[in-house]
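Student: just a sequence and a predicted model for now, questions to come.
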Amino acid sequence: MASKVLNKVMGIIGLNDEDFDEYEDEVMEEKAIARENSYDYDEKLNDKNSSNSNNKVVNIHTASSVKVVIVKPKDYDEATQICDDLKNRKIVVVNVTDLEPKTAQRLLDFMGGASYVLNGELLEIDKGVYLLSPSNVDISRDLKNDLASKSIFNWSK
């Protein structure tokens with residue numbers, strides 16, 4: 001008798017057993033579809049991982065992709081191109097000997113700021129010749145110590 005009363009109350013609220021069973025079936029079907037999709041994904045992922053773990057592939061282009069750009073700017077407008085090369089992880093050698101001293105100083109300030117922001121280094125190689133190196137390039141200690149005494153900007157990492 002209690003079950004009849006419960007069924008009537010559930011029928012009034014709209015939770016008939018028949019409707020409830022259909023809802024459960026829909027949820028179960030959705031879960032089954034989701035499981036199938038995740039199984040396919042997991043299976044593909046495991047296949048890729050197992051094939052990669054068997055092959056000892058090393059990318060040889062990572063170390064050899066460093067490029068050196070030598071620039072002798074004619075005016076301050078070339079500063080953005082120099083810094084774009086640095087941003088693209090290229091080593092840049094800049095010769096400012098033909099520039100007016102004020103223009104050369106502005107250019108060095110700009111390059112020094114860009115070098116600092118990109119975690120690179122700006123070193124003076126010779127009077128009026130500077131080396132900009134990106135963060136992925138390590139300069140040997142011997143060269144760094146020789147140039148440190150001459151360097152205008154000496155940022156240590």
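Tutor: Yep, that arrived. Small disclaimer: the values here were computed from a predicted structure and weren't measured.

Student: going by C-alpha atoms from here, please, whenever you check contacts or count neighbours.
Tutor: Noted.

Student: look up how far residue 108 lies from residue 135.
Tutor: Residue 135 sits at a distance of 18 Å from residue 108 (criterion: Cα to Cα, to the nearest Å).

Student: higher neighbour count, the two?
Tutor: In terms of neighbours (other Cα atoms under 10 Å), residue 108 is the more surrounded of residue 135 and residue 108; the figures are 21 against 18.

Student: now that one: how far from residue 82?
Tutor: If you go by Cα to Cα, the gap between residue 108 and residue 82 works out to 11 Å.

Student: do residue 100 as well
Tutor: Residue 100 sits 18 Å away from residue 82 when distances are taken as Cα to Cα.

Student: between the two, which one's more packed in?
Tutor: Under the criterion of other Cα under 10 Å, the comparison of residue 100 against residue 82 puts residue 82 first, with 25 against 11.

Student: so who does that one touch?
Tutor: Residue 82 sits next to 71, 92, 111 when contact means Cα atoms under 8 Å, 6 or more residues apart in numbering.

Student: just the ones in strands from the residues you listed, please.
Tutor: Those of the contacts of residue 82 mapping onto strands are 71, 92, per DSSP state E.

Student: spell out which residues make up each domain of this structure.
Tutor: Domains of the chain are assigned by automatic domain parsing as 2-54, 61-148.

Student: between those domains, which gets the lowest average pLDDT?
Tutor: Within these, the stretch with the lowest mean pLDDT is domain 2-54, showing a mean of 57.

Student: list just the nearest of the contacts of residue 82 to residue 127.
Tutor: residue 71 (15.0 Å; Cα to Cα).

Student: can you give me every residue that contacts that closest one?
Tutor: In this structure, residue 71 makes contact with 82, 92, 93, 94, 95, judged by Cα under 8 Å, 6+ apart.
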